[in-house]
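Novice: Structural data only, the sequence is not supplied:
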């Protein structure tokens, strides 16, 4: 990713040092997690063909860094999907981070809290709260992690794509009280990659499970519009790459088309790739010799960003 400007911010040193490629750090101090309420609820990790995490109690970053010699300076925060009910943590998270590492890109998986948890209040705000904090923490540690501070983007899959597009369109929204110096940094992503994402909460285009989980079964119109992110695009929305399959019946391609049109209307750089087949939830699509090429399109797009 080419950078035309640089921004100096005072160095903010957090209380941890990364000693390995896959280091897990907490988003928040244990005794001061925003919108958390007392509960006996426990986090659930199911390890089958896909690692599924639900009832997230302590949101984290899992940081995968390429070798310093191979590092491009780019970083991508990854939001796994799962309908806002679970996180497909390896399939749409750590596997993606490892792929990015192979291209010299830092891959950082965000284990964010889910609105279906009993341990949170103002449920619709909580995923965005964690997402804003996540990108600010990465910015605070950019120098230590060999990341160019203005080359920090986000990637989301399915409902994780809804969260990513929410961060990309609501990054200026104040959703939690300042905790420390990291919270003085920008929450605006420098670019977005949205892979079979939920975008709209309108009746015609939404994924009903994700919408119900985030804003309820009978949400007020204000919330529907607020989280229909095609309606929230501005000139300052980050450049965006959209990936989808035309035969996706879970999240219809109209989501992407609406968002792409909104981006173009605001003159935000955008690219849209719709593959004829692939369905929903294909991740890296390693067994599909055609669809797996989406990752090549991703790397080409990143290399040509300005």
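Specialist: Happy to help now that I have it. None of these values were measured; they are calculated from a predicted model. Numbering: from 1, shown residues only.

Novice: Could you look up the SS state of the residue of the chain most remote from its centre?
Specialist: What lies farthest from the middle of the chain is residue 40; by Cα atoms, centre = their mean that is 27.9 Å. The three-state label given to residue 40 by DSSP: H, G, I helix; E, B strand; the rest coil is coil.

Novice: Residue 301 too?
Specialist: Recorded secondary structure, residue 301: helix (three-state DSSP).

Novice: Find the residue closest to it in space, skipping its chain neighbours.
Specialist: Distances taken as Cβ to Cβ, 6 or more residues apart in numbering place residue 241 nearest to residue 301, at 5.0 Å, with adjacent residues excluded. For glycine as for every other residue, the C-beta is placed from the backbone atoms N, C-alpha and C.

Novice: For beta bridges, what are the partners of the one you found?
Specialist: Beta-bridge pairing for residue 241 (DSSP bridges): residue 193, residue 271.

Novice: Helices of this structure, residue ranges please.
Specialist: With helices called from DSSP state H, the chain shows them at 95-102, 126-140, 159-170, 208-215, 221-226, 254-265, 294-303.

Novice: looking at the ones you listed, which is buried most?
Specialist: Highest mean neighbour count of the helices of the chain: helix 159-170, a mean of 28 (counted as mean count of other Cβ atoms under 10 Å).

Novice: quick revisit: mind checking how far the residue farthest from the centre of the chain is from residue 55?
Specialist: Per Cβ to Cβ, to the nearest Å, residue 40 is found 11 Å from residue 55.

Novice: And residue 135, by the same measure?
Specialist: According to Cβ to Cβ, residue 135 stands 24 Å off from residue 55.

Novice: what about the stretch 151-300 of the chain, any weak spots by pLDDT?
Specialist: Applying pLDDT under 70 to the stretch 151-300 of the chain picks out residues 204-205, 207.

Novice: Stretch 57-73: which residues count as buried?
Specialist: Buried residues in stretch 57-73, counting neighbours by 16 or more other Cβ atoms under 10 Å, are found at 57, 59, 60, 61, 62, 63, 64, 65, 66, 71, 72, 73.

Novice: is it possible to export the residues you listed to CSV including distance to residue 35?
Specialist: Formatted as CSV, those follow (distance: Cβ to Cβ, whole Å):
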residue, distance to residue 35
57, 13
59, 11
60, 16
61, 18
62, 22
63, 24
64, 28
65, 30
66, 34
71, 35
72, 35
73, 33
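
Novice: Now do the same contact list for residue 85.
Specialist: For residue 85, the contacting residues are 54, 114, 116, 209, 213, by Cβ atoms under 8 Å, 6 or more residues apart in numbering.

Novice: Apply 6 Å and report the result again.
Specialist: 116, 213 (Cβ atoms under 6 Å, 6 or more residues apart in numbering).

Novice: what's the pLDDT at it?
Specialist: Per-residue pLDDT puts residue 85 at 97.

Novice: Could you do the one 4 residues further on as well?
Specialist: Looking at residue 89, its pLDDT stands at 98.

Novice: again with the one 10 residues further on
Specialist: Here, the pLDDT recorded for residue 99 equals 98.

Novice: One more: residue 11?
Specialist: pLDDT, residue 11: 33.

Novice: same check, this time on residue 1
Specialist: If you check residue 1, the pLDDT there is 49.

Novice: Let me know the distance separating the residue farthest from the centre of the chain from residue 57.
Specialist: According to Cβ to Cβ, residue 40 stands 11 Å off from residue 57.

Novice: Equivalent analysis for residue 255, please.
Specialist: When Cβ to Cβ is the yardstick, residue 255 and residue 57 sit 30 Å from each other.

Novice: what bridges to the closest residue to residue 45 other than its chain neighbours?
Specialist: Residue nearest to residue 45 in three dimensions, not counting chain neighbours: residue 53, with 5.3 Å by Cβ to Cβ, 6+ apart. Assessed by DSSP bridges, residue 53 has beta-bridge partners residue 45, residue 87.
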